[in-house]
Structure formats: C-alpha cells, structure tokens
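> Below are the sequence and a predicted model; questions follow.
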Amino acid sequence: MPRGRNLISGTIFEHANEPAYVMDPQHDRILAANDAGCAMLGYTREELLETPISRIHPAELAELQELLERVLREGRASTIKLTCRTKRGTFLPTEISLHGFEAGGRIQILGLVQDRSEHRQPAPDWAFG
C-alpha cells in the first residue's frame, strides 16, 4: 500500500468519532485503538494494548470467538451485539462491526463499536402516559 494511503487510513482511524480497534484474535490482543475507543472503555492507549480481548468481553467470549472465526474464514464483515467491560468494571451494551483484513502477513480484525446503552434504557414514565 502506498505511504500516502497508509497515512490517510491512519488519520481516519485515529480521529474517527466511532470507537475503533484493531485486534489479533489468535493471540487475544488489541493491536491498536483510537482515542474514541480508549475513552469509551476508560483506558489509556498503553493500558488497552496490554489488556487481552477476553478481559473486555468476558461474558460472551465464546460467541465473540465464533464470530471472529467466521469473519476470518469467510472474509466478510459481521455485526454482533456484545457487552464491553470498562476499566472500572462496568458493562456497556455495544454493537460491533467486525471486518477481517491482512496486514504484514497476519490476519487481523477491525472492530467498529457503537455504544448502545442509550438504546437499552427503560422508557421514561411520561412515555406511557
């Protein structure tokens, strides 16, 4: 890939408003996270890159691993609703789009995450009035 394209891709990834992560599912690692991704989970970038994927998604790990394998096998994107554990230990409901790609001879996953906690809040009392 030309250097200019890498620079543009990196800039878009870093400055996107949507939390984004590059993961190595075979080694249970997060390889990169943008600012929005770090802020959503409450980690510094350095802390997040040292945190295994399995610590962020302990409740649905089997479901996530099955989807990651399917993305790698079929080479196309998939979306899943999962909870993400923050650094403080709270769980956020999210919807994650996963995209498989190859970089440096290794298969990696790009995860684009939407915080769905607003969508799962109970309706206010006045809504039923």
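Noted; the coordinates are in hand.
> contacts, neighbours, all on C-alpha from now
Noted.
> where in this protein is pLDDT low?
The model of the chain has pLDDT under 70 over residues 1-10, 119-129.
> ok, and what's touching the biggest strand by length in it?
Ranked by residue count, the top strand of the chain under DSSP state E comes out as strand 91-103. The contact list for strand 91-103, computed with C-alpha atoms under 8 Å, 6 or more residues apart in numbering, reads 68, 71-72, 75-86, 107-117, 120.
> So which of those belong to helices?
Here DSSP state H is the test, and those give Leu68, Val71, Leu72 as lying in helices.
> So what's the residue count around the nearest residue to Phe13 once chain neighbours are set aside?
Excluding the flanking residues, the one nearest Phe13 by C-alpha to C-alpha, 6 or more residues apart in numbering is Asn34, at 6.4 Å. By other C-alpha atoms under 10 Å, the residues close to Asn34 number 21.
> Does Asn34 touch Thr11 like I think?
No. If you go by C-alpha atoms under 8 Å, Asn34 and Thr11 don't touch, sitting 9.8 Å apart.
> For Thr79, list each beta-bridge partner.
Counting by DSSP bridges, Thr79 is bridged to Ser97.
> Once you drop chain neighbours, what's closest to the residue positioned nearest the centre of the chain?
Nearest to the mean C-alpha position of the chain, counting by C-alpha atoms, centre = their mean, stands Gly111 at 3.9 Å. Closest residue to Gly111 apart from its sequence neighbours, by C-alpha to C-alpha, 6+ apart: Leu98 at 4.6 Å.
> try Asp115
Closest to Asp115 by C-alpha to C-alpha, 6+ apart is Thr94, at 4.6 Å.
> Next one: the one you found relative to His27, how far apart?
Thr94 sits 23 Å away from His27, going by C-alpha to C-alpha, to the nearest Å.
> Give me the more crowded residue out of these two.
Neighbours per residue, other C-alpha under 10 Å: of Thr94 and His27, the larger number sits with Thr94, 18 against 9.
> Look up phi and psi at Tyr21.
Backbone torsions for Tyr21, taken as degrees, to the nearest 10, come to phi -140, psi 140.
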